[in-house]
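Novice: Next input, structure requested:
(2 chains)
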Protein chains: 2
Amino acid sequence: MVKIAVLGYGIVGSGVVDVIYKNSSVITNNAGCGIDVKYILDIRDFPDSAFKDKFVKDFGIIENDPEIKVVVETIGGTNPAYDFTKRALLAGKSVITSNKELVACHGAELIGIARERNLNYLFEASVGGGIPVLRPISQCLVANELDRVCGILNGTTNYILTRMIEGGLSFEKALCEAQEKGYAERNPEADIEGHDACRKICILAALAFGKHVYPEYVETEGITGVSLEDVRYAESDNKVIKLLGRAIRLDNGKLHVFVGPHLVEKETPLASVKDVFNAIVVHGNAIGEVMFYGRGAGKYPTASAVVADVIDAVKHLDARKYLNWEDAGREIIEDNGRFVSRVYIRAEGESVRSAVTSAFGEVKFIGEAGKNECAFITRCLPMSEINEKTKLLSEKCRVISKMKVL
Amino acid sequence: MVKIAVLGYGIVGSGVVDVIYKNSSVITNNAGCGIDVKYILDIRDFPDSAFKDKFVKDFGIIENDPEIKVVVETIGGTNPAYDFTKRALLAGKSVITSNKELVACHGAELIGIARERNLNYLFEASVGGGIPVLRPISQCLVANELDRVCGILNGTTNYILTRMIEGGLSFEKALCEAQEKGYAERNPEADIEGHDACRKICILAALAFGKHVYPEYVETEGITGVSLEDVRYAESDNKVIKLLGRAIRLDNGKLHVFVGPHLVEKETPLASVKDVFNAIVVHGNAIGEVMFYGRGAGKYPTASAVVADVIDAVKHLDARKYLNWEDAGREIIEDNGRFVSRVYIRAEGESVRSAVTSAFGEVKFIGEAGKNECAFITRCLPMSEINEKTKLLSEKCRVISKMKVL
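Specialist: Prediction:
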């Protein structure tokens, strides 16, 4: 019997405790021994909980208990999660987390501390909720030179976009609905502005390419600027709008990493990812494209990934050796202006089509021909050129929307 | 430097050798040491190969060389692959294979021999080509009670069905095209009759549920009976036809395992799997549904999975402990008549609709109303009842097609 502690009894933490007891027979079978939760740390009281005797408020009790081999951190955010994680590792305990913010901001350091002490710091649940991603990338695709990762990484925004596309709801109405259903928080900024997706693409880039990418280096755009008109123009060209996180390794060793709404061809696997589902596409030189799909959030899907990591840590109390993740600075990020893409643009103004043609040359106009409004898709060009031409265009017309085409 | 031997220099075997040398720097980095191919066993001569000095024809040379720690078996079939695999394991070498036939027929025994000798017998490439499946199921989903596995497991038949659906080709024409493109063999029976998919669902069932399922226990139907008319009727109900392998664990511990063409709702992730791509959907009680998607065959995708297993075996020369796979007999298979499903049926004859209604009661007729032909979807009923009612119907009409609806 291995004793563990769970820090934070919120949605994920309580899911972890539930799964450990509900699925104890399959877990014992797979771990080779039983797993028992000795402590649950939370600042709140849970007097009616079946686990009420396990609650503690002082992290020191867990830190100083040599019986605790594995600590699960499901507090979220960086404070106090960062301090507790570091102290747990320094006290000789492996740490499992679902905390993408902490991994994206301090992953390189925490993995380093764990490795020095021959412990594990595992975070499968930090990207894609319950979807297996960390191990498939770092164990199953190890024979490949990986060069691209791309994903629908945020369930809230994917739900909102799905409702706009299939239900014809405005962004505001779809957001309200997501909040009513518990898919979006009361303050939805981290989701709708793309910050959550940004943290996840940082973690994926580090896993795939071995270098830590800090969120502040990543050009990030959310979905607040996506309108029903854009959805309809995309539809007219057999495309849907998806918020994607993308990381691309260049031949010079640098990376393009960004987050933003994209037009995606219908009837592709990524376009078929709807509602709160997530999907991650990885490209390697031997395998080609693989995609991992499932529920990217939620109590039990996330707990599924956390508990799988707990089982791995219990089976291998010594450090697993599969994470190659070095610290790195801004120098690994390539200038975004060099990224080459087709781009969707919507503009309005007098003689808008001739203004478009004079700024961009040949383009593909899409949708119904409006008198003073049009939408088009550019040729494949470096973003610096696209930006220059857009500036030219905006001298004559109002540029309403601009999104990359996948 | 770890020395390995590759048995069989066909498509997959030569891909493995290529990938090992082409991606040697990333492989060395991930394995923690270099990997070198010392021998290649093949009955043919390859005088122009860059590796001509490595070829041997006598397996005894490999078997008796203590320097060889890992043997890759990419011969295919059971003879001589079974004999060579057993001898390699008995000689203290781990074995990696892409050979689904061997794993489906002798997996339990070979895993047992490997475990007894603290060696590895790994076969990620045997299902889904390069798609990570084995490790995700046996490591990442270990906190779940798994209850369903379902997949598009054969690229050849998926290509043929895609061409029938999107190109309007007849089965015969689509098969010819697949043969011309090298996606189908000259003798396509193993693919189009469902035997290949059957072996793969057997392996998946064993991985997910821990019991060996032998191919001869599995009701298997291929796609030779699927016509363009069926494709059109499916289309009229917003569905596509896919060849699926399915394994379902029941509360009594028994399994339903079968292979056959199914009607699948469009705009679902499985329906978006086209051409030679494969996808495997797994359902667990914590995670819900996850899907793994990618190239299910081909030289380099398959080599990607084989070499990932080689790296795992090189890093862990002792047996990995994650495969729980026991031998089992026919008693674990539940009577197929008890499986509950909606079914698509197409029939022709005089007054066919009233015959249908009198046999089946309320059904959903789909497609254009023909005078002497109709297609319909039944309610959800046990297959034994469906079969009885179909028999009733066939007393009055000709039943042309019958497929389960997913």
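Novice: The stretch 201-350 of chain A against chain B: which residues are in contact?
Specialist: Contact residues, the stretch 201-350 of chain A versus chain B (CB under 8 Å from any CB of the partner chain): A:267-269, A:271-274, A:284-295, A:298, A:300-301, A:303-308, A:310-312, A:315, A:321-322, A:324. All C-beta atoms are positioned from the backbone trio N, CA, C, and that covers glycine.
Novice: Which ones among those residues lie within strands?
Specialist: Counting by DSSP state E, these place A:Gly284, A:Gly288, A:Glu289, A:Val290, A:Met291, A:Phe292, A:Tyr293, A:Gly294, A:Arg295 in strands.
Novice: still on that earlier bit, and the residues of the stretch 201-350 of chain A next to chain B, which are buried?
Specialist: Using 16 or more other CB atoms under 10 Å in any protein chain shown as the burial test, those include A:268-269, A:271-274, A:284-295, A:298, A:300-301, A:303-308, A:310-312, A:315, A:322, A:324 as buried.
Novice: Can you point out the buried residues in stretch A:183-198?
Specialist: A:Tyr183, A:Ala184, A:Pro188, A:Ala190, A:Asp191, A:Ile192, A:Glu193, A:Gly194, A:His195, A:Asp196, A:Ala197, A:Cys198.
Novice: could you dump those residues to CSV with pLDDT, secondary structure and distance to chain B?
Specialist: Below are the buried residues of stretch A:183-198 laid out as CSV (pLDDT from 0 to 100; DSSP: H, G, I helix; E, B strand; the rest coil; distance: CB to the nearest CB, whole Å):
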residue, pLDDT, secondary structure, distance to chain B
A:Tyr183, 89, coil, 15
A:Ala184, 89, coil, 20
A:Pro188, 94, coil, 23
A:Ala190, 94, helix, 23
A:Asp191, 95, helix, 20
A:Ile192, 97, helix, 24
A:Glu193, 97, coil, 27
A:Gly194, 97, coil, 24
A:His195, 96, helix, 25
A:Asp196, 95, helix, 20
A:Ala197, 97, helix, 19
A:Cys198, 97, helix, 24
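Novice: which pair in those residues spans the largest distance?
Specialist: The largest separation in the buried residues of stretch A:183-198, counting by CB to CB, is between A:Tyr183 and A:Cys198 at 18.9 Å.
Novice: Find the least confident helix or strand in chain A, judged by mean pLDDT.
Specialist: One helix or strand of chain A scores below all others by mean pLDDT, DSSP states H and E: helix A:134-135, with a mean of 86.
Novice: Can that helix be said to contact chain B?
Specialist: Yes: applying CB under 8 Å from any CB, one finds helix A:134-135 in contact with chain B at A:Arg135.
Novice: Toward the C-terminus, what is the element adjacent to that helix?
Specialist: strand A:146-152 (DSSP states H and E).
Novice: So which elements touch that next one?
Specialist: With contacts taken as 3 or more CB pairs under 8 Å, 6 or more residues apart in numbering or on different chains; DSSP states H and E, strand A:146-152 sits against helix A:195-209, strand A:239-249, strand A:277-284.
Novice: Can you tell me which of these is nearest to A:Lys57?
Specialist: A:Lys57 lies closest to helix A:195-209 among the helices and strands packed on strand A:146-152, at 28.2 Å (CB to CB).
Novice: what's the next secondary structure element after the closest one?
Specialist: Note on helix A:195-209: by DSSP H and E, the next helix or strand toward the C-terminus is strand A:219-220.
Novice: check contacts around A:Gly92.
Specialist: Each residue near A:Gly92 by CB atoms under 8 Å, 6 or more residues apart in numbering or on different chains is listed here: A:Pro66, A:Arg117, A:Leu119.
Novice: same check, this time on A:Val310
Specialist: Contact analysis of A:Val310 by CB under 8 Å, 6+ apart lists A:Ile4, A:Val16, A:Ile20, A:Ile35, A:Val70, A:Val72, A:Ile96, B:Ala143.
Novice: List only those of those flagged as buried.
Specialist: Neighbour counting with 16+ other CB under 10 Å marks A:Ile4, A:Val16, A:Ile20, A:Ile35, A:Val70, A:Val72, A:Ile96, B:Ala143 as buried within the contacts of A:Val310.
Novice: Closest one of these to B:Tyr159?
Specialist: Nearest member of the buried ones among the contacts of A:Val310 to B:Tyr159, counting by CB to CB, is B:Ala143, at 36.0 Å.
Novice: Surely that closest one and B:Asn285 touch.
Specialist: No: at 9.4 Å, B:Ala143 does not count as touching B:Asn285 under the criterion of CB atoms under 8 Å.
Novice: anything in contact with each of those two?
Specialist: Joint contacts of B:Ala143 and B:Asn285 (CB under 8 Å, 6+ apart) are A:Asn23.
Novice: Which stretches in the stretch 51-200 of chain A count as strands?
Specialist: Using DSSP state E, counting those that start in this stretch, the strands found in the stretch 51-200 of chain A span residues A:55-56, A:68-73, A:94-97, A:121-122, A:146-152.
Novice: Sheet-wise, list the partners of the last one with their directions.
Specialist: What that stands for is strand A:146-152. strand A:239-249 (antiparallel), strand A:277-284 (antiparallel) (DSSP bridges).
Novice: and if you look at the third one?
Specialist: Sheet partners assigned to strand A:94-97 using DSSP bridges are listed as strand A:68-73 (parallel), strand A:121-122 (parallel).
Novice: who's in contact with it?
Specialist: For strand A:94-97, the external contacting residues (CB under 8 Å, 6+ apart) are A:69-74, A:81, A:85, A:88-89, A:103, A:110, A:114, A:119-123, A:125-126, A:306, A:309-310, A:313, A:317.
Novice: quick one on the thing from earlier: need the helices and strands packed on strand A:146-152 in TSV with distance to B:Arg163, can you?
Specialist: As requested, the helices and strands packed on strand A:146-152 are exported to TSV (distance: least, CB to CB, whole Å):
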stretch	distance to B:Arg163
helix A:195-209	34
strand A:239-249	24
strand A:277-284	24
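Novice: And the ones you listed: which comes nearest B:Val133?
Specialist: With CB to CB as the yardstick, what comes closest out of these is strand A:277-284 (14.4 Å).
Novice: Give the closest residue to A:Ile160 in space, chain neighbours not counted.
Specialist: Spatial nearest neighbour of A:Ile160, excluding adjacent residues (CB to CB, 6 or more residues apart in numbering or on different chains): A:Ala174 at 4.3 Å.
Novice: from what I can see that neighbour touches A:Gly168, true?
Specialist: No: applying CB under 8 Å as the test, A:Ala174 and A:Gly168 come out as separate, 9.7 Å apart.
Novice: okay, the two: which has more neighbours?
Specialist: A:Ala174 (23 against 12; other CB atoms under 10 Å in any protein chain shown).
Novice: how near is the more buried one to A:Gly32?
Specialist: To A:Gly32, A:Ala174 is 46 Å away according to CB to CB, to the nearest Å.
Novice: swap in A:Ser138?
Specialist: Separation of A:Ser138 from A:Gly32 (CB to CB) stands at 22 Å.
Novice: More neighbours: which of the two?
Specialist: Neighbour count, other CB under 10 Å: between A:Ser138 and A:Gly32, A:Ser138 has more, with 19 against 11.
Novice: thought that one was touching A:Gly210?
Specialist: No: in this structure A:Ser138 lies outside contact range of A:Gly210 using CB under 8 Å: 9.7 Å.
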